[in-house]
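# build me a model:
(one chain, ligands or ions: 1)
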Amino acid sequence: MVNAATLWIHERLQQRAADGLLRKLPQQQDLADFCSNDYLGFSRSPALKAKVFQAQQAHQDSPLGATGSRLLTGNSAFAENLEAEIAAAHQVEAALLFNSGYTANLALFSSLPQKGDTIIIDELIHGSVIDGCRLSFANRIKFKHNDLQSLEDKIKRAKGRCYVAIESVYSMDGDLAPLKEMTALCKNYGALLIVDEAHAFGVFGKGLVHLAGLTNDVFAVLITFGKALGAHGAAVLGSHLLRSYLVNFARPFIYSTAMPFSNLLQLQTASRFLQENASLQEDLQRKILFFQQCLFAGSAIKIRQSPIQAIILPGNEKVKRLSRELADQGIAVYPILSPTVPKGQERLRICIHTFNTDQDIEKLCFLLLKDINPHE
Ligand SMILES: Cc1ncc(COP(=O)(O)O)c(C=O)c1O
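Okay, here's the model as predicted:
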C-alpha cells in the first residue's frame with residue numbers, strides 16, 4: 001500500500017541512490033581481510049575457539065538466554081565476577097558491562113551530563129558519543145581534532161559540569177590522542193575526561209590510558225570487545241560511584257536484556273587469552289611496520305602505530321572505484337565516504353591484522369601504488 005509515509009521513505013532512498021550513497025548489506029566474500037576490526041585474529045583463532053568450547057563444556061547447565069535486564073532476572077554471579085576481573089586487570093575500582101560500545105556510549109552521555117552542563121567532544125568523535133549527547137539536555141560543543149588549544153578555549157567557556165569526550169585511537173584516521181596533555185588539561189580545569197578506547201584495547205596493552213598510567217586521572221574509560229577481542233560487548237571502567245550511578249540512571253543499561261551467558265563466557269575466555277598471548281600485539285606492530293615499509297619505501301616512514309591506516313583520496317567515486325578494483329584482485333578494503341567523513345576526506349580505511357600475510361600486504365601496496373602517490 002502506498003501512502004504519504006512510504007512515498008517519503010522511497011524518495012529518501014532514491015535521493016541516497018542518486019547521491020551514490022545508498023547503503024546495502026554486503027555479501028561476505030572470501031577475500032584477504034584488510035578491513036575488519038579483528039586486529040589480533042581472535043574471532044577466527046582456532047586456539048581461542050577451542051578454549052571457548054572447553055569452557056562451554058564445563059558450563060553445560062547454564063541458561064542460553066539472560067531472561068531479563070541486569071536489574072531483573074538477567075544478573076548473575078558470573079557477570080559480576082567478570083566485571084571484578086576486568087576492573088582488577090585495569091586497576092580501576094569497578095567495571096560495568098554493556099551489550100555493545102554503542103549502548104555504553106549512549107548510557108554515559110545520556111545519563112551523566114544534565115541540563116546546564118557542557119559536553120565538549122573532539123570533532124572526529126564516534127557517532128555513538130554524538131547520539132548519546134543528543135539524548136542529553138546538556139550543551140554540546142566540538143573542539144578541533146586533537147587540538148589542545150581549541151580544547152582549552154572550549155573548557156574555559158563551558159558552563160555547569162564539564163565533560164570532555166575523546167578517543168585514544170580515532171576510528172577513521174587511526175591517529176592517537178595526546179592523552180597525557182589532554183588529561184593534564186582536564187585535571188587543571190576540573191573537567192571530567194571520558195576516553196573511548198574501542199580501537200586501543202587489546203592493540204596497545206589494556207588500552208592507552210592504562211599504559212600511560214593515567215587511570216586515576218580519567219573519569220571513565222570505555223573498552224569494547226567487538227574489535228581486538230573478536231567478541232561482542234563493552235565495559236565502562238571507573239569508580240564504584242560511577243558504576244552505581246549508571247546502574248541507576250543509564251536507560252540503555254536499565255531497559256535492555258543482559259548479555260547471554262555464552263557471550264560472558266567468551267569474554268572471560270578471550271580476556272584471559274589476551275593476557276596469555278600479549279606477544280600478538282608485537283606481531284601486529286611488525287605487520288604495521290611492514291605495511292608502512294612497503295608503501296612508503298624510499299621515503300620517511302610515517303609512523304602510525306595503530307592498525308588503522310587511512311589513505312585519503314578525495315571524492316566518493318575514486319575511493320569506491322579503488323575498493324572495487326582491490327576486491328577484484330582478492331583484497332577487501334572498505335571505502336569510507338562522505339558524509340561519514342567530511343567532504344574531501346574520503347578514504348580507504350585499511351586495517352592491518354596479525355593474520356595478514358606478508359605476500360598479501362605486498363600485493364595490497366603494489367596495487368595501491370598504481371593509483372596513489374604516498375609521498376604526497
Ligand atoms: C570509537 C568507537 N566507539 C564505539 C564503537 C561502538 O562499539 P560497538 O561496535 O561495540 O557497538 C565503535 C565501533 O565502531 C567505535 O569505533
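# and His10, how close does it get to the ligand?
Here the distance between His10 and the ligand works out to 29 Å (CB to the nearest ligand atom, to the nearest Å). C-beta: built from backbone N, CA, C; applies to glycine.
# and what of Gln28?
When CB to the nearest ligand atom is the yardstick, Gln28 and the ligand sit 17 Å from each other.
# for stretch 235-252, buried residues please.
Judged by neighbour count using 16 or more other CB atoms under 10 Å, the buried positions of stretch 235-252 are 235-238, 242-243, 246, 250, 252.
# how long is it end to end?
Terminal residues of stretch 235-252 are spaced 13 Å apart (CA to CA, to the nearest Å).
# quick one: average confidence on it?
Within the predicted structure, the mean pLDDT of stretch 235-252 is 98.
# next one: it, is it in contact with the ligand?
No - for stretch 235-252 and the ligand, the contact criterion (CB under 6 Å from any ligand atom) is not met; the two come no nearer than 10.4 Å.
# pull the number of nearby residues for the residue of the chain found nearest the ligand.
Proximity to the ligand, evaluated over the chain using CB to the nearest ligand atom, is greatest for Gly101 at 2.3 Å. Applying the criterion other CB atoms under 10 Å, we find 26 residues in the vicinity of Gly101.
# please apply the same query to Cys133.
A total of 23 residues lie near Cys133 under the criterion other CB under 10 Å.
# which residue is the nearest non-sequential neighbour of it?
Nearest non-adjacent residue to Cys133, counting by CB to CB, 6 or more residues apart in numbering: Arg140, 4.5 Å away.
# quick one: secondary structure of that neighbour?
strand (DSSP: H, G, I helix; E, B strand; the rest coil).
# figure out the length between the terminal residues of stretch 91-101.
Between the start and the finish of stretch 91-101 there is a gap of 20 Å, counting by CA to CA.
# any idea which helix or strand carries the residue nearest the centre of the chain?
Averaging the C-alpha coordinates of the chain gives a centre point, and the residue nearest to it by CA atoms, centre = their mean is Ala198 (3.2 Å). Take DSSP states H and E as the rule and Ala198 turns out to sit in neither a helix nor a strand.
# who's in contact with Ala278?
Taking CB atoms under 8 Å, 6 or more residues apart in numbering, we find Ala278 in contact with Gly205.
# any idea how far Ser262 is from it?
26 Å (CB to CB, to the nearest Å).
# over to Ser244?
Taken as CB to CB, the spacing of Ser244 relative to Ser262 amounts to 27 Å.
# need the residues of the stretch 201-350 of the chain near the ligand, please.
Where proximity means CB under 6 Å from any ligand atom, the interface of the stretch 201-350 of the chain facing the ligand comprises 224, 226, 234.
# so who does the last one touch?
If you count contacts by CB under 8 Å, 6+ apart, Ala234 has them with 97-101, 103-104, 198, 222-226.
# just Asn188 next, same as before
By CB under 8 Å, 6+ apart, Asn188 lies in contact with nothing.
# which element is it on?
Mapping Asn188 onto the secondary structure by DSSP H and E places it in helix 179-189.
# before we move on, what about Glu282?
When elements are defined using DSSP H and E, Glu282 is found to belong to helix 279-295.
# and that helix, what does it pack onto?
Identification of packing neighbours for helix 279-295 by 3 or more CB pairs under 8 Å, 6 or more residues apart in numbering; DSSP states H and E yields strand 308-312, helix 358-371.
# contacting residues around it?
Around helix 279-295, the neighbours that count as contacts under CB under 8 Å, 6+ apart are 39-41, 202-205, 274, 301-307, 309, 350, 352-354, 356, 358, 361-362, 364-366, 368-369, 374.
# one more time with 7 Å, if that's ok
39-40, 203, 301-302, 305, 307, 309, 352, 354, 356, 358, 361-362, 365, 368, 374 (CB atoms under 7 Å, 6 or more residues apart in numbering).
# same thing with stretch 147-162?
Under the criterion CB under 7 Å, 6+ apart, residues 113, 116-118, 120, 139, 141, 143-144, 164, 178, 181-182, 185, 189, 191-192 lie in contact with stretch 147-162.
# before we move on, the earlier item: tell me the pLDDT at the residue nearest to the centre of the chain?
98.
# in TSV: the helices and strands packed on helix 279-295, plus mean neighbour count.
Converted to TSV, those look like this (neighbours: other CB atoms under 10 Å):
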stretch	mean neighbour count
strand 308-312	19
helix 358-371	16
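# dump these into a markdown table; add mean pLDDT as well.
What follows is these, written out as a markdown table (pLDDT from 0 to 100):
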| stretch | mean pLDDT |
| --- | --- |
| strand 308-312 | 91 |
| helix 358-371 | 94 |
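# nearest to Phe53, of the ones you listed?
Of all those, helix 358-371 sits nearest to Phe53, with 28.6 Å by CB to CB.
# what packs against that closest one?
Applying 3 or more CB pairs under 7 Å, 6 or more residues apart in numbering; DSSP states H and E, one finds that helix 358-371 contacts helix 279-295, strand 331-332.
# this completes my enquiry, with thanks.
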